[in-house]
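Student: Please work out how this folds:
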Amino acid sequence: MKNIPKYVEIMNWLESEIMSGGLSLGEKIPSENELGTKFAISRQTVRQATSVLESRGLLERRRGSGTYVRYSPENENAPAESSIRTIGVVTTYLNEYIFPAIIKGIDEVLIKNDYFVQMSLTYNNMEREAEVLTNLLVKNVEGLIIEPAKTGLPNINKNIYEQIIHRKIPCVFINAIYPNMNIPCVAMDDYACGREAVRCLVRNGHRKIGGLFKLDDMQGRLRYAGCVEALRENGISFAEGNLIWYTTEDKNESFVRHFGDRILKITKNSTAMICYNDQMAKKVARVLYDHGKQIPTDISLISFDDSDFEFQMEFGFGLTTFRHPKEKLGHVAAETLLSLLKGEVVGNVKFPPELVERSSIKKIC
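Tutor: Here you go, the predicted model:
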């Protein structure tokens with residue numbers, strides 16, 4: 001099992017100290033600098049942990065003085081456990097790629113509205129998702145924000161989602177949705193992004209186009225479908241040999257071993273390649289550069305998400321990609337859930353394509 005996020009680690013430690021009496025009612029907790037040194041984390045991460053505990057009524061921040069313990073197990077005036085309003089937030093990952101920004105957006109809105117955020121991770125594993133959702137249902141959370149696992153495959157946890165719907169627990173999906181699931185979703189318009197990726201390449205003269213897509217997540221299937229529509233409208237198509245489909249389990253170090261030769265083959269048969277996201281674009285760029293290929297001289301690349309990866313410094317080019325709304329998506333997902341909690345009717349939210357053009361696409365005749 002992977003290590004828990006640092007802010008959760010410090011949050012658990014502080015809560016344990018408070019509940020055990022190690023930190024008593026009215027006592028000032030260690031400063032942000034002291035906690036940062038103790039746990040080898042930044043002050044911002046410390047503040048993230050203490051903000052959550054403030055929202056639960058365990059801590060109180062006093063301007064110019066510090067943060068103090070507000071709760072005691074013996075304190076009759078302390079907020080009862082049942083009074084803590086908890087929202088379960090389930091994501092595939094947390095402390096990598098675009099996920100910290102999404103979680104930050106969710107946290108900002110929910111904490112501002114006096115909700116405690118119960119974070120859970122699935123690592124895009126459906127069995128883990130079942131375990132996480134079952135635990136959250138036992139805890140009687142007031143609402144759920146979920147990034148569902150492996151939405152490109154049949155939903156083995158359909159019975160759990162039916163429980164959520166039957167119990168009328170407000171729920172919002174982010175990034176993707178299972179087919180035929182009556183739960184609102186906040187996501188990029190992945191289909192439109194795929195379509196616009198091809199249109200961008202065609203505008204630059206490319207007609208021999210390869211692709212790398214994710215099979216077990218709906219985002220990959222939708223981006224591929226959008227690409228196919230735009231290829232068709234331009235009288236071209238993907239050649240089977242120029243397509244690579246991969247799964248979550250392929251994403252580790254074995255990716256290069258499994259797909260390196262096929263990536264190189266695509267460069268021989270194509271002038272451009274569409275990558276499922278910036279993570280995979282980086283792996284593709286590494287394969288190409290390790291074999292003496294240059295981007296965009298030998299092949300053009302376009303991707304999705306506009307992550308913080310520094311392609312210019314590492315590879316000498318800027319990646320053309322579609323911007324993921326990240327923190328804004330988190331805000332909208334949390335606001336959508338708050339609307340559901342008020343009994344309001346909500347629908348799906350799709351963020352339209354926003355192309356960020358850099359230097360990874362070569363214009364050809």
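Student: K265 falls within a helix, correct?
Tutor: Yes - when DSSP: H, G, I helix; E, B strand; the rest coil is applied, K265 is found to be in a helix.
Student: The residue lying closest to it once chain neighbours are set aside: how many residues sit nearby?
Tutor: Nearest non-adjacent residue to K265, counting by Cβ to Cβ, 6 or more residues apart in numbering: G241, 6.8 Å away. Just so you know, the C-beta spots here come from the backbone N, C-alpha and C atoms, and that holds for glycine as well. Here the number of neighbours of G241 (other Cβ atoms under 10 Å) works out to 13.
Student: ok, G241 touching K268?
Tutor: No - look at G241 against K268 with Cβ atoms under 8 Å: they stay out of range, at 9.9 Å.
Student: and the end-to-end length of stretch 196-216?
Tutor: Terminal residues of stretch 196-216 lie 22 Å apart, using Cα to Cα, to the nearest Å.
Student: for that stretch, what is the average pLDDT?
Tutor: The average pLDDT within stretch 196-216 is 97.
Student: Show the pLDDT at the residue nearest in space to the middle of the chain.
Tutor: The residue lying closest to the centre of the chain (Cα atoms, centre = their mean) is F99, at 3.7 Å. The model reports F99 with a pLDDT of 90.
Student: Identify the residue spatially nearest to it, adjacent ones excluded.
Tutor: Distances taken as Cβ to Cβ, 6+ apart place Y93 nearest to F99, at 4.9 Å, with adjacent residues excluded.
Student: which element is that neighbour on?
Tutor: Of the helices and strands defined by DSSP states H and E, none includes Y93.
Student: In contact with it, which residues?
Tutor: Residues counted as contacts of Y93 (Cβ atoms under 8 Å, 6 or more residues apart in numbering) are 99, 121, 123-124.
Student: Now render these as a markdown table, adding distance to V332.
Tutor: Formatted as a markdown table, these follow (distance: Cβ to Cβ, whole Å):
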| residue | distance to V332 |
| --- | --- |
| F99 | 16 |
| L121 | 21 |
| Y123 | 25 |
| N124 | 22 |
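Student: Any of the residues you listed buried? List them.
Tutor: 99, 121, 124 (16 or more other Cβ atoms under 10 Å).
Student: Please identify which of the residues you listed is nearest to N155.
Tutor: N155 has its nearest neighbour among the buried ones among the contacts of Y93 in N124, at 13.6 Å by Cβ to Cβ.
Student: so how many other residues sit close to the residue lying closest to that closest one once chain neighbours are set aside?
Tutor: Closest residue to N124 apart from its sequence neighbours, by Cβ to Cβ, 6+ apart: T92 at 4.2 Å. Residues near T92, counting by other Cβ under 10 Å, number 22.
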